[in-house]
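*Asks:* Sequence and predicted structure, then a few things I'm wondering about:
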Amino acid sequence: MSSTSCAAPGARSGLELPEMLTVYSEDHRLHSPSYELFNGEFIPPAEVAARMDSVLYRLQATSFGEVRAPSEFGTKPLLRVHAPNFIHYLQTAWSQWTALGRTQDVLPFVFAPPQARRREPQQIDGKAGFFSFDTGAPIMAHTWQAVQSAANCALTAQQHITAGARAAFALCRPPGHHAGADFCGGYCYVNNAAVAAHGFLDAGARRVAILDVDYHHGNGTQDIFYRRADVLFVSIHADPRQEYPYFSGYADERGEAAGLGYNHNFPLPHGTRYAGHWEPVFAEACGVVTSYEPDALIVSLGLDTFEADPISRFKLQSEDYLQIGAAIKALGLPTLFVMEGGYAVEQLGVNAVNVLQAFEHSAS
C-alpha cells in the first residue's frame, strides 16, 4: 500500500492522537418527507431531522471533539458503486414529477418484478417503481442535495482516516444501507458506507470490512458487494422471516463468484437482548472481521436495536452501546462510523455517543 493509504492511521510518532472528528451537514434538513406508508396508513415519517439534532446535542453536551462540514466531491465517487441511470434518476425525479403538475412527494405506485428490470421506463411513474424497492424513499425538491451532502460526509470522514486519523464519525442523513447499486428504499438513496468503502480502496486499501449493526438488514450494501472479495460485509439484524426488508439477510447468503464467503449474515429473533444473545453473535461477527484482516473498518451504525425504538423489536439498552463501542475499539482497526437508523429520537444521541465515547476512551 502507498504511504498515503489508510494502512497506518494515527501513526504520529510520539504525538497524542486527536479527538474523533464528526462530519455533518445542515443540508439534511432539506429532505423532510410529508408522510410514509406504514401498516396500511399514511403517517408522519420516523426518519426525521430531529434524529440528527439529538445526536448533535449529545456531542456538544459531552464536548466530544470537533464537528466539521463536509468537502464537496461531486458524483464521481457515487458512480463507483451506483449505476449512472440510477444517479440520474435521483437527480432529476423531482423535475420530471413536477413537470406533470404534481406537488406532493415522488412515490412509486407500481414496482418492477426482478425479471422485468431490464428496460427503464420513460415516464416518471415507471421510473419511480423501476428504481425503488418500496415506498420508503420519497423524493422532494431538494432531496438530491441532502443525499449528495450525506455522501460527502462519509467521504470527508473517510479521507480524514486515510490521512492518519484512527477514527471518524460521519453523521449522515439520509441514511444509506438499504440503497443498492440501482435502487433506493427504506429511507435510503445513496449507500454512504459503500461509497466510503470505495474511497478507502481508491486510496490504496487492499480490503475493507463493513460491519452493519442496524436492526434491519443492509440489503443495499449486500447487493453492491455480493460478488466481490475486496469488501467484506457482516450484518447482525432481525430475522428477515419476521422483519423488513424480508427478502434478504438470511444466513445462507454467503456471496457469489469472487465474493463467495465474504458475505456474512447473523439474523436474530424479535425480543433479542444484548446479554446472552446479541453480544455473543456480535463477538462472532467481530471474529469474522478480524480473520479478514482488513485495512479499514466501516461500521454502519444503526441504533434501532434500542429497546424503545418505535419501529423495531430488539431490547438493547443504552449501557449496552458502551460495550459495543469498546468491542469495536478492541479490533484495533482504523474505523469509520457511518450513521444509519435509530428512531427513538430522545435517546438516539445518548446511544450514539455511548458507542463513540467507549471507542475513544476504552483501553485498546
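*Replies:* Now that the structure is in, tell me what you want to look at.
*Asks:* all helices of the stretch 201-350 of the chain, in order?
*Replies:* For the stretch 201-350 of the chain, helices defined by DSSP state H, counting those that start in this stretch occupy the ranges 219-225, 279-292, 320-330, 345-361.
*Asks:* Please work out which of those helices is packed deepest.
*Replies:* Comparing the helices of the stretch 201-350 of the chain by mean neighbour count (mean count of other C-beta atoms under 10 Å), helix 219-225 ranks first with a mean of 26. Where C-beta positions appear, they are placed from N, C-alpha and C, glycine not excepted.
*Asks:* what comes into contact with that helix?
*Replies:* Residues from elsewhere that reach helix 219-225, judged by C-beta atoms under 8 Å, 6 or more residues apart in numbering: 81, 176-181, 183, 185-186, 188, 191, 193-194, 197, 210, 212, 231, 233, 235, 245, 247-249, 253, 259, 262-263, 265, 300.
*Asks:* Filter the residues you listed down to just the buried residues.
*Replies:* Among the contacts of helix 219-225, those scoring as buried are 81, 176-180, 183, 185-186, 188, 191, 193-194, 197, 210, 212, 231, 233, 235, 245, 248-249, 253, 259, 262-263, 265, 300 (criterion: 16 or more other C-beta atoms under 10 Å).
*Asks:* Keep only those of those that are in strands.
*Replies:* Using DSSP state E, the members of the buried ones among the contacts of helix 219-225 that fall in strands are 210, 212, 231, 233, 235, 263, 265, 300.
*Asks:* What does the pLDDT read for the residue lying closest to the last one once chain neighbours are set aside?
*Replies:* What sits nearest to residue 300 in space, not counting adjacent residues and going by C-beta to C-beta, 6 or more residues apart in numbering, is residue 212, at 3.9 Å. Confidence at residue 212, expressed as pLDDT, is 99.
*Asks:* Surely residue 212 is in contact with residue 236?
*Replies:* Yes - under the criterion of C-beta atoms under 8 Å, residue 212 makes contact with residue 236 at 7.2 Å.
*Asks:* Can you list the low-confidence ranges for this structure?
*Replies:* Applying pLDDT under 70 to the chain flags residues 1-18, 364.
*Asks:* and the nearest residue to residue 66 once chain neighbours are set aside, what is it in contact with?
*Replies:* Once flanking residues are discounted, residue 66 sits nearest to residue 21: 5.5 Å by C-beta to C-beta, 6+ apart. Residues counted as contacts of residue 21 (C-beta under 8 Å, 6+ apart) are 65, 66, 68, 157, 160, 165, 168, 169.
*Asks:* Restricted to helices, list those.
*Replies:* Per DSSP state H, helices hold the following members of those: 157, 160.
*Asks:* now the contacts of residue 21: which count as buried?
*Replies:* Buried subset of the contacts of residue 21 (neighbour count, 16+ other C-beta under 10 Å): 65, 68, 157, 160, 165, 168, 169.
*Asks:* which ones are touching the first one?
*Replies:* When you say that, I think you mean residue 65. Going by C-beta under 8 Å, 6+ apart, residue 65 touches 18, 19, 20, 21, 22, 59.
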